[in-house]
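In: I'd like to go over a predicted model; first the sequence, then the structure.
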Amino acid sequence: MAWKKVCGVGDVEVNSVKLFDVEGVNVLVTNYGSGFRAIPPICPHMEEPLDVSGIVANCVLTCSKHLWAWDLRTEGMLGETEKPLKFYETREEDGALFVNMVEELVYDFDSEDDLDDDFFG
Amino acid sequence: MTSLAKAECLLPQESSQTEDLTVTIQTPTGAFEFPCQEGETFLHAGLRAGVSLPYECATGTCGTCRGRLMTGEVDIGWEASPALAKLKREKGDILLCQTKAKSDCLVRVPAKTVTQTSAEAVPAKTRGVICNSRKLTRDVVEFQLKLSAPMTFEAGQFALLTSPSVVGARAYSMVNHSIDKTDSIVFVVKRKHGGGFCDWLFSDTVDGTEVDVFGPLGRATFDTSEKKNLIIVAGGSGIAGMMAILERATRSNYFSKYAGHVFFGVPTLKDGFYLDELAKFVAKAQGGLNVTLALSNEQPSQASHPNYEGIKLANGFVHTAMGASMAGRYDNAMAYLAGPPPMIDAALRVLITDGQLSPQAIRYDKFG
């Protein structure tokens, strides 16, 4: 367990995303109105930077590149989205947002795209 | 139809010239095998055979058609492709839309959506002769292609054109639409500086030139069974496919039941084109269709176009004009977008944020 402070709860406007450096790890914070989610800074589809391409509305994060979308309340995938987001555990305390930084969350583009025999098993 | 007969006798001749290679595509949902002519891309050969390989731009920029070459010899195609630069080439990653088979090949594709489709509406290779090219504005040209084999396509689809004198394929949306097969398709192109194909089209000597055509392609299509109000946002030559959609909708009286809202962005009043056609669509819709010309670099002096009463004028970017006009009116809407990537991005934000539209209610060709 390594709870790290990311930002103040007022630092990310409702229905927006903002990129933070948490001791060398890029963390994207989304404020979807009824809460916050902290995720890796890129889209799991084609590595699009979500601080630029991420749109938050109606508790949904949509990447404007190919319209992959995730429900920020349930963390589930919506529509034609094919890969889930990874989420850091978050906590709000004394007006600040903390993430549980056990290790940097990364999308394993190589192994998921890795077309080895197991993939077709 | 004589042109159809011509097509039927043309194809066997073509394929008999070269011995077909065999391409096998392995996907998580199964393997697909199809013939591929030497020099033909995997994507074209697969789509021709009705194998629904993944693609968006089909011109080497988006990376959607990524695969991995397991065995076989290939020509990797466009070396400077923006999408190729992101791939793990040392592992054999390739773009299906660029890579040409030089021997039988085995390729793995991670997409789970590949299926064998019916023979209907599969794209085909043909040739077309450019005719009736004309400048619509200072930097927009329209031209027609007389196809050697007629094509059936849906409103909103595009085709790839390759000229013998310019490297690489270009994707252009069809402006016209016909329910039946047609051997005449119309395109509109905006001149971009340094664009080889564009410069060539603007050279005044293109009429009579033959180009290779592959199509139809694209899923950002309109069908009269949508039962949705249409929001159409186009920047510059992005209006091309929208003209086909409006033609299709108008012919079926779609706007007598559902509303249509067209927002067409150009820099100044004199950059507008297809205004005659748009005004006619408005008149035929009898109140069901609104067209707004958004001028990003000019403050219009009146609310309507001086020559076309039915076309409204607005100042500012097209997504801003759309947002201002559509506020509170997004119910049961389907949006179609086409234009430069920053316009698409800005329009998406308005539609998703203000309009609360779901991704399923927004259609555009994802060329980026």
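Out: On my side now, so go ahead. Bear in mind the structure is a predicted one, so any value in this text is a computation, not a measurement. Numbering: from 1, shown residues only, chains lettered A, B, ... in the order given.

In: separation between residue B:230 and chain A?
Out: For residue B:230, the distance to chain A equals 18 Å [Cβ to the nearest Cβ, to the nearest Å]. All C-beta atoms are positioned from the backbone trio N, CA, C, and that covers glycine.

In: Whichever strand or helix holds that residue packs against which elements?
Out: In the assignment (DSSP states H and E), residue B:230 maps to strand B:229-235. Contacts defined by 3 or more Cβ pairs under 8 Å, 6 or more residues apart in numbering or on different chains; DSSP states H and E place strand B:229-235 against helix B:239-251, strand B:260-266, helix B:318-326, strand B:333-338, helix B:341-349.

In: what mean pLDDT does that strand have?
Out: The pLDDT scores in strand B:229-235 average 98.

In: the inter-axis angle of it versus helix B:318-326?
Out: Between strand B:229-235 and helix B:318-326, the angle comes out at 150 degrees (axes from the mean of the first three to the mean of the last three Cα atoms, to 10 degrees).

In: circling back: looking at the helices and strands packed on strand B:229-235, spot the one closest to residue B:97.
Out: Residue B:97 lies closest, by Cβ to Cβ, to one member of the helices and strands packed on strand B:229-235: helix B:341-349, at 18.5 Å.

In: Next, see if the closest one gets close to chain A.
Out: Yes. Residues of helix B:341-349 are located near chain A by Cβ under 8 Å from any Cβ of the partner chain, namely B:344-345, B:348-349.

In: residues in contact with that helix?
Out: Residues from elsewhere that reach helix B:341-349 (Cβ atoms under 8 Å, 6 or more residues apart in numbering or on different chains): A:53, A:55, A:62, A:64, A:67, B:233, B:235, B:238, B:265, B:317-319, B:322, B:335, B:337-339, B:362, B:364, B:367-368.

In: Sort out which residues of it are buried, please.
Out: Residues of helix B:341-349 classed as buried: B:343-349 (neighbour count, 16 or more other Cβ atoms under 10 Å in any protein chain shown).

In: What average pLDDT does that helix get?
Out: Averaged across helix B:341-349, the pLDDT comes to 94.

In: again with stretch B:173-180
Out: 94.

In: Please apply the same query to stretch B:132-145.
Out: Mean pLDDT, computed over stretch B:132-145, is 94.

In: Report the backbone C-alpha coordinates of that stretch in PDB.
Out: Output in PDB follows, covering the C-alpha atoms of stretch B:132-145 (Å, rounded to 0.1, in the frame of the first residue of the first chain):
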ATOM      1  CA  ASN B 132     -16.200  16.800 -66.400                       C
ATOM      2  CA  SER B 133     -13.700  18.100 -63.900                       C
ATOM      3  CA  ARG B 134     -14.600  21.600 -62.800                       C
ATOM      4  CA  LYS B 135     -13.400  24.100 -60.200                       C
ATOM      5  CA  LEU B 136     -16.200  24.800 -57.700                       C
ATOM      6  CA  THR B 137     -14.200  27.400 -55.700                       C
ATOM      7  CA  ARG B 138     -10.600  28.700 -55.700                       C
ATOM      8  CA  ASP B 139      -9.400  25.500 -54.000                       C
ATOM      9  CA  VAL B 140     -12.200  22.900 -54.500                       C
ATOM     10  CA  VAL B 141     -12.500  20.800 -57.700                       C
ATOM     11  CA  GLU B 142     -15.300  18.300 -58.600                       C
ATOM     12  CA  PHE B 143     -14.700  15.500 -61.000                       C
ATOM     13  CA  GLN B 144     -16.700  12.500 -62.300                       C
ATOM     14  CA  LEU B 145     -15.400   9.000 -63.000                       C
END
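
In: Not counting its own residues, what contacts that stretch?
Out: By Cβ under 8 Å, 6+ apart, stretch B:132-145 touches B:128-131, B:161, B:175, B:184-191, B:201-202, B:206-207, B:211, B:213, B:236-237, B:270-274.

In: Restricted to strands, list the residues you listed.
Out: Residues of those located in strands (DSSP state E): B:128-131, B:161, B:184-190, B:211, B:213.

In: Of those, just the buried ones, PyMOL syntax please.
Out: Selecting just the buried residues from the ones in strands among the contacts of stretch B:132-145 in PyMOL takes one command, with 16+ other Cβ under 10 Å as the test:
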select buried, chain B and resi 128+130+161+184+185+186+187+188+189+190+211+213
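
In: what's the closest non-adjacent residue to residue B:340?
Out: Once flanking residues are discounted, residue B:340 sits nearest to residue B:235: 5.5 Å by Cβ to Cβ, 6 or more residues apart in numbering or on different chains.

In: Name all residues that make contact with the one you found.
Out: B:264-266, B:318, B:338-340, B:343 are the contacts of residue B:235 under Cβ under 8 Å, 6+ apart.

In: Most neighbours out of the residues you listed, which is it?
Out: residue B:265 (29 neighbours; other Cβ atoms under 10 Å in any protein chain shown).

In: Isn't that residue up against residue B:236?
Out: Yes. Here residue B:265 reaches residue B:236: they are 7.1 Å apart, a contact under Cβ atoms under 8 Å.

In: dump the residue contacts of residue B:115.
Out: Per Cβ under 8 Å, 6+ apart, neighbours of residue B:115: B:29, B:51-52.

In: Neighbour-wise, which one of these leads?
Out: Most neighbours among the contacts of residue B:115, by other Cβ under 10 Å: residue B:51, with 22 neighbours.

In: Roughly how far does that residue sit from residue B:207?
Out: Separation of residue B:51 from residue B:207 (Cβ to Cβ, to the nearest Å): 36 Å.

In: Residue B:324 too?
Out: For residue B:324 relative to residue B:207 (Cβ to Cβ), the value is 42 Å.

In: And residue A:64, by the same measure?
Out: 40 Å.

In: Which one of the buried residues of helix B:341-349 is nearest to residue B:219?
Out: Using Cβ to Cβ, the buried residues of helix B:341-349 come closest to residue B:219 at residue B:344, 15.3 Å.

In: And that closest one, how far from residue B:238?
Out: 9 Å.

In: what is in contact with those two at once?
Out: What both residue B:344 and residue B:238 touch, as defined by Cβ under 8 Å, 6+ apart, is the set B:337-338.

In: Pull the contacting residues for residue 43.
Out: I went with chain A, as the question did not name one. Neighbouring residues of residue A:43 by Cβ under 8 Å, 6+ apart: A:49-50, A:53-54, A:63, A:65, A:68.

In: The chain in question should be chain B.
Out: Residue B:43 neighbours (Cβ under 8 Å, 6+ apart): B:53, B:55, B:58, B:65, B:96-97.
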